[in-house]
Each structure stands twice: as C-alpha cells, then as structure tokens.
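**Student:** pasting a predicted model and its sequence here:
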Amino acid sequence: MTIDEELTLLDQQLRRLKIEYEIFFSNPAKRPPTDVEWKVLSLLRKFSDGARMSFSQRFRYNALAQRYAIQADLWRKKMRIREEGYRRPQDAILSVQGVRVSEEHESKHPTAYGLTRKPEGAADEPFTVQCSDAAAEREKVESLYKALTTAKYKSGEEVSGSFDSFAKFVSKKTGEIRKQHNCESVVYSVEVQDGQVKLKAKAKAKG
C-alpha cells in the first residue's frame, strides 16, 4: 500500500471514528469505539516523522492529525461529562445523552447557555493570493494549496490531487488568464459558498 493510499485509509478511519463516537454519545449503553481509534492512532504514529513523505503528503498528514487532535479533545470533554455529569452551564452545549441538566441551569440559561454561534450559512472570509508567475512563486502556490485543502477538510469534501499537479494547474491557468486579459497578474481566492469550497481566479488589472 502506498503512502497516499494509507493516508486515504486514515481519512476514512477518522470519518468512521467520528460517526462511531456520535453513536456512542447518543446511546448511554454503547461502548466507546476503542478499536477504530487504535487503528487511527497506529496510522498517525506510523507517519509522525514525515521522513518518507512529499510536501503535499506531509501537509495532508498534518491536516488529518490536527483534525484528530481537535476531535479527540472534544471527545475527552464529552467523556468526562458522561462520567461526572454537567458541572458548568457551557458543558450542556456538548449534548451528551444520558446526562441531565439541573433545573437551576435550565432556568438560568435557556438559550444555549450564553454561547453564541456563527449564524447559519455565514461564510468565512475568503483566502486570496496574487500570482504573476506561478512557476517562480512557489510559496504563494503552496499557501493557496494549503488554504484550499484546509477548507475542503473542514467542509468534509474529499481532497484529491497532489501539490505538484495543483502547481502545474495554477501555472497554466495564470498564463492563460494573463494572455486572455492582457493583465499583469491573477488573483486566486478560496471561498466557501453553500457549504462547497470553490477556487476562483480573476484577472488583476494593470496599474
């Protein structure tokens, strides 16, 4: 199995682990998915040194490792609440089944316990970068690739294609747009619209 295939397997196992934990926390009689978590941790440890990976593979691994770390921290908090019960008003927002909120907390904090959430459908600020010669501006292309893949991971979209293939695409696209619009550079942006990640490119006018 290649490194890319194992990273894909890690991604799949992470998705499965998240689903298993959601089932676990919604069912007081369910056992935690320790077997799936063990598989995830084994794969994370296997590639932790990053010695045999390319830039795009290392970035993909780091994104997966970060995703696991964030989710594992949430699961630990939920596990503590499940074992000890709600101690703070904000704990109730984690929604662990089988644990009751005291009536005092329910009466004092009727609306999500004072926590504010991002309005439904609100978009993140788009990431933008300006390229005039993508082949010579590797750092800009890397930052664009990182922003695109990170946004896809966050939205649950599959990330396909290596950094090298992405860099070739950006270089070719930049040349085409500059020639078509007779412009000095091209502005690329990574935006999330209706839950979908979009990569946009537009000509930057001279002057």
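**Tutor:** All right, it came through fine.
**Student:** hey, which helix or strand in this protein has the poorest pLDDT?
**Tutor:** helix 103-108 (a mean of 36; mean pLDDT, DSSP states H and E).
**Student:** going by neighbour count, list what's buried in the very next helix or strand once past that one.
**Tutor:** The helix or strand immediately downstream of helix 103-108 is strand 127-131, counting by DSSP states H and E. Buried residues in strand 127-131, counted by 16 or more other Cβ atoms under 10 Å: 127, 129, 131. From N, CA and C alone the C-beta is placed, and that goes for glycine too.
**Student:** mind listing the residues bridging to the first one?
**Tutor:** Bridge pairing for F127 (DSSP bridges) gives the partners V190.
**Student:** domain ranges for this structure?
**Tutor:** 3-114, 127-204 (automatic domain parsing).
**Student:** return the member of those domains having the minimum mean pLDDT.
**Tutor:** Set side by side, these give their lowest mean pLDDT on domain 3-114, at a mean of 73.
**Student:** what residues sit buried inside the longest helix along the chain?
**Tutor:** In the chain, taking DSSP state H as the definition, the longest helix is helix 55-84. Neighbour counts using 16+ other Cβ under 10 Å place 56-61, 63-65, 67-68, 75, 78, 81-82 of helix 55-84 among the buried residues.
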